[in-house]
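[1] Next come a sequence and a model predicted from it.
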Amino acid sequence: MKTLFTKTNANFGCYGKNSDVVKAHTGDIFTIEDVLNSDVPLKDKAWFIRRNCEFTIDEFRQFAIGCALCVLPIYEYKYPKDKVPREAIEAAQAYLKNEISIDELYTKRHAAAAAAYARGDSGISRRKPLRISGVCNQLSPDPNQAPT
């Protein structure tokens, strides 16, 4: 995984190369730690890392799981009895360790999607209910491919 970046070749997305966020880093070279410790919103840090770190497929999958684990406490606070999302994340972790099959992973993924769709508050479009299972959907080898 790439962890060193230069201002001339890193993708800064909507911030652009001349923004205050980019100018805050002294010198042309900066690290992933610089990005993580910046004042940029978390969602933008995640975007930068995903677009610039040149993940292997397994690193990308682990990143997706890590993102899901970051927001899981929010869901569990709102729905303390619903363990389906945690089970989907655990299934993704188990799949990466070759402990379960892809069919078992899909079963957990669909259960999480169905639970989110039934609640109607998944933050996703009702026409694409499977996006709640981003952890599993992000198992795609192409990081530029949108989840389905």
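    Thanks, I have it.
[2] Which parts of this protein are strands?
    For the chain, the strands defined by DSSP state E occupy 4-6, 29-31.
[3] would you list those strands in a markdown table and tack on distance to residue 80 and mean neighbour count?
    In short, each C-beta sits where N, CA and C put it, glycine included. As requested, the strands of the chain are exported to a markdown table (distance: least, C-beta to C-beta, whole Å; neighbours: other C-beta atoms under 10 Å):
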| stretch | distance to residue 80 | mean neighbour count |
| --- | --- | --- |
| strand 4-6 | 40 | 14 |
| strand 29-31 | 38 | 14 |
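[4] how about CSV for those strands, with mean pLDDT added?
    Shown next, in CSV, are these (pLDDT from 0 to 100):
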stretch, mean pLDDT
strand 4-6, 71
strand 29-31, 76
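[5] With distance to residue 88 added, can I get those strands in JSON lines?
    Formatted as JSON lines, these follow (distance: least, C-beta to C-beta, whole Å):
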{"stretch": "strand 4-6", "distance to residue 88": "32"}
{"stretch": "strand 29-31", "distance to residue 88": "32"}
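[6] Can you tell me which of those strands is nearest to residue 41?
    The closest of the strands of the chain to residue 41 is strand 29-31. By C-beta to C-beta, the value is 17.6 Å.
[7] in its sheet, what does the closest one sit against?
    Strand pairing for strand 29-31, determined by DSSP bridges: strand 4-6 (antiparallel).
[8] Check the offset of the strand it pairs with from the chain's centre.
    Strand 4-6 sits 21 Å away from the centroid of its parent chain (C-alpha atoms, centre = their mean, to the nearest Å).
[9] Then stretch 69-83?
    16 Å.
[10] got the end-to-end distance for stretch 73-88?
    14 Å (C-alpha to C-alpha, to the nearest Å).
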